[in-house]
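In: 3D, please:
(one chain, ligands or ions: 2)
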Amino acid sequence: MTKTLNAIVNARLAGKEGLHSLTINNGLFTEIQPQTSPVSATDHELDACENLVTSPFVEPHIHLDATLTAGEPRWNESGTLFEGIECWSERKALLSESDVTSRATQTLKLLAAHGVQYVRTHVDTTDPQLTALKAMVKVREQTANFIDLQIVAFPQEGIWSFPNGRELMEEAVRIGADVIGGIPHFEFTRDYGAESVRWLVELAHKNDLLVDVHCDEIDDPESRFLEVLAAEALRLDYGTRVTASHTCAMGSYNDAYCSRLFRLLKKSNIRFLSMPTESLHLQGRFDSYPKRRGITRVPELLDAGLKVAFGQDSIRDPWYPMGNGNMLRTLDVGLHACHMLGMNRIERCLELITDNGAAALNLKNYGIAPGQPARCAVLQGQNAYEVLLGQHPVLASVRDGNVLVQRAAVNPEADLLIT
Ligand code: 17E
Ligand code: FE2
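Out: Ligands and ions are numbered 1, 2, ... in the order given. Have a look, this model is predicted:
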């Protein structure tokens, strides 16, 4: 039985001093009032217990068709992207609709239990049957009560380099994909890569869809498809609807090239997604020592005024054997790997798993304000720093005024019997 709220009380809000009450009516926030002191909650109120309340988490980049298949039919022992693609190709041959539906739904529930209410999933279209894509369109409908799901038509084995690659992408649009993907660094040649990017942006533009390209997910400083993607976005004035995922190669570009590149990136205003746990695991694999992190220039992109968010990418799949759905873990690793533990960065760090992800997904009606859908998460901690330190699972997740998730706070001092 879901519990329907008419208020959340004793809440802390980012950028606001003291405690607040959020009034809810018909699934919308109606008022946000400061409180002079803590109050006790009635039956139809949720007590945030002086913890931070934020917008729901956004998982902007995950592969729900492959999730929970790690080790099937074999483990990726080298830890490279390329062995992952080979393992997946073998597993993909065994896909059925019920297999995809049950793993994707289980993963979405895991994400929801961690305060996520918005998800963008890539779904492999390099399958002549498009089994996973057809299943995911149904999952999107079946889980709409707890998740807003966007589906990316993602050509894992290439558009130009896979038989009927273009036709499969076009068929994916007819079946109901929301977003057009790509993988230019994996196409057989640079020309194929660049042509595929130009073609896929056109396909999205023509069909009024979003774009999210796996772009330069490789430690090769000469992998420069990001400039092609940004230039196309700029040409069509489509930047806010275009996302570059991974851009690992930017961690290997030289500074002179980056200086030129950033001019274009700023003009294009495209969105960026980085998957730090995944890239730390998959990249640097062809280095001896020193070993690269394989992560894009996150603080530099943010300082240039561009939107960057973090995603998990995988939960126990051929590319990555770990993952538990808790985005605070991804955030923690990302802030470490990107040298972002300065207090100015920490204070704003939750934007990387909330607002910036919402910008990539082009979410409408996102954010806590009167008139917006009453969707939020109650985090354990009074501010971003405490939340990051604890990384505890969310205390509550509220969607349109209904409590989806509620759990007891962890007391870090309990059972400590040392005197
Ligand atoms: N496929 C890909 O090309 N790259 C990834 N990081 C994953 C799947 C997880
Ligand atoms: Fe990915």
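In: could you check how far the residue nearest to the spatial centre of the chain is from ligand 1?
Out: What sits nearest the mean C-alpha location of the chain, by Cα atoms, centre = their mean, is Pro60, with 2.2 Å. Distance of Pro60 to ligand 1, computed by Cβ to the nearest ligand atom, to the nearest Å: 13 Å. To be clear about C-beta, it is placed using only N, CA and C from the backbone, and glycine gets the same treatment.
In: repeat for Ile147
Out: Relative to ligand 1, Ile147 is positioned 19 Å away (Cβ to the nearest ligand atom).
In: helix or strand for the nearest residue to Asn254 once chain neighbours are set aside, which one?
Out: Excluding the flanking residues, the one nearest Asn254 by Cβ to Cβ, 6 or more residues apart in numbering is Pro221, at 6.9 Å. Counting by DSSP states H and E, there is no helix or strand that carries Pro221.
In: for Pro221, what are its contacts?
Out: If you count contacts by Cβ atoms under 8 Å, 6 or more residues apart in numbering, Pro221 has them with Ala249, Ser252, Tyr253, Asn254.
In: for the third one, which non-adjacent residue is closest in space?
Out: Using Cβ to Cβ, 6+ apart and skipping residues adjacent in sequence, the residue nearest Tyr253 is Pro221, 5.5 Å away.
In: surely Pro10 and Thr36 touch.
Out: Not quite, residue 10 is Asn, not Pro. No. Taking contacts as Cβ atoms under 8 Å, Asn10 lies outside contact range of Thr36: 11.9 Å.
In: show me which of those two is the more surrounded one.
Out: Between Asn10 and Thr36, Asn10 has the larger neighbour count (other Cβ atoms under 10 Å), namely 22 against 7.
In: on that earlier part again, tell me the confidence at the residue lying closest to the residue nearest to the centre of the chain once chain neighbours are set aside?
Out: The spatial neighbour of Pro60 that comes closest, neighbours along the chain excluded (Cβ to Cβ, 6+ apart), is Gly357 at 4.1 Å. According to the prediction, Gly357 has pLDDT 98.
In: cool, and Leu416?
Out: At Leu416, the pLDDT recorded in the model is 73.
In: contact partners for it?
Out: With contacts defined as Cβ under 8 Å, 6+ apart, Leu416 has no neighbours.
In: show me the strands in the stretch 101-250 of the chain, by range?
Out: 116-124, 148-154, 179-180, 210-215, 242-246 (DSSP state E, counting those that start in this stretch).
In: neighbouring strands - and their directions - for the second one?
Out: Strands that pair with strand 148-154, judged by DSSP bridges, come out as strand 116-124 (parallel), strand 179-180 (parallel).
In: of all the ones you listed, which one is nearest ligand 1?
Out: strand 116-124 (7.1 Å; Cβ to the nearest ligand atom).
In: okay, the angle between the closest one and strand 210-215?
Out: Interaxial angle, strand 116-124 versus strand 210-215 (axes from the mean of the first three to the mean of the last three Cα atoms, to 10 degrees): 60 degrees.
In: ok, the residue of the stretch 1-150 of the chain found nearest ligand 1 - contacts?
Out: Nearest residue of the stretch 1-150 of the chain to ligand 1 (Cβ to the nearest ligand atom) works out as His63 at 4.9 Å. The contact partners of His63, taken as Cβ under 8 Å, 6+ apart, are Thr121, His122, Val123, Asp124, Phe154, Asp313, Ser314, Asp317, Trp319.
In: let's verify the closest residue to the first one other than its chain neighbours: helix, strand, or coil?
Out: Ranked by Cβ to Cβ, 6+ apart and with sequence neighbours excluded, the top spatial neighbour of Thr121 is Leu64, at 4.1 Å. Reducing the assignment at Leu64 to three states with DSSP: H, G, I helix; E, B strand; the rest coil gives coil.
In: around ligand 1, pick out the residues from the stretch 101-250 of the chain.
Out: Gln156, Ile183, His214, Glu217 (Cβ under 6 Å from any ligand atom).
In: quick one: contacts for the residue lying closest to the second one once chain neighbours are set aside?
Out: The one in question is Ile183. In space, and not counting its chain neighbours, Ile183 is closest to His214: 4.7 Å by Cβ to Cβ, 6+ apart. By Cβ under 8 Å, 6+ apart, the contact set of His214 is His122, Phe154, Gly181, Gly182, Ile183, His185, Phe186, Ser245, His246.
In: what is the nearest of those residues to ligand 1?
Out: Set against ligand 1, the nearest of the contacts of His214 by Cβ to the nearest ligand atom is Ile183 (5.8 Å).
In: run a quick neighbour tally on that closest one.
Out: Ile183 has 28 neighbours, counted by other Cβ under 10 Å.
In: how close does it get to Ala359?
Out: 23 Å (Cβ to Cβ, to the nearest Å).
In: picking that back up, do you know the pLDDT at the residue nearest to Tyr253?
Out: The model reports Pro221 with a pLDDT of 98.
In: Leu22 should be in a helix, yeah?
Out: No. In this structure, Leu22 is strand, not part of a helix, as judged by three-state DSSP.
In: does it touch Ile32 like I think?
Out: Yes. Taking contacts as Cβ under 8 Å, Leu22 lies within contact range of Ile32: 5.5 Å.
In: of these two, which one has the most company?
Out: Leu22 (25 against 16).
In: the more buried one: what's it in contact with?
Out: Applying Cβ under 8 Å, 6+ apart, the residues near Leu22 are Ala7, Ile8, Val9, Ala11, Phe29, Glu31, Ile32, Val53, Ile368, Ala374, Cys376.
In: the same query, at a cut-off of 7 Å, please.
Out: By Cβ atoms under 7 Å, 6 or more residues apart in numbering, Leu22 lies in contact with Ala7, Ile8, Ala11, Phe29, Ile32, Ile368.
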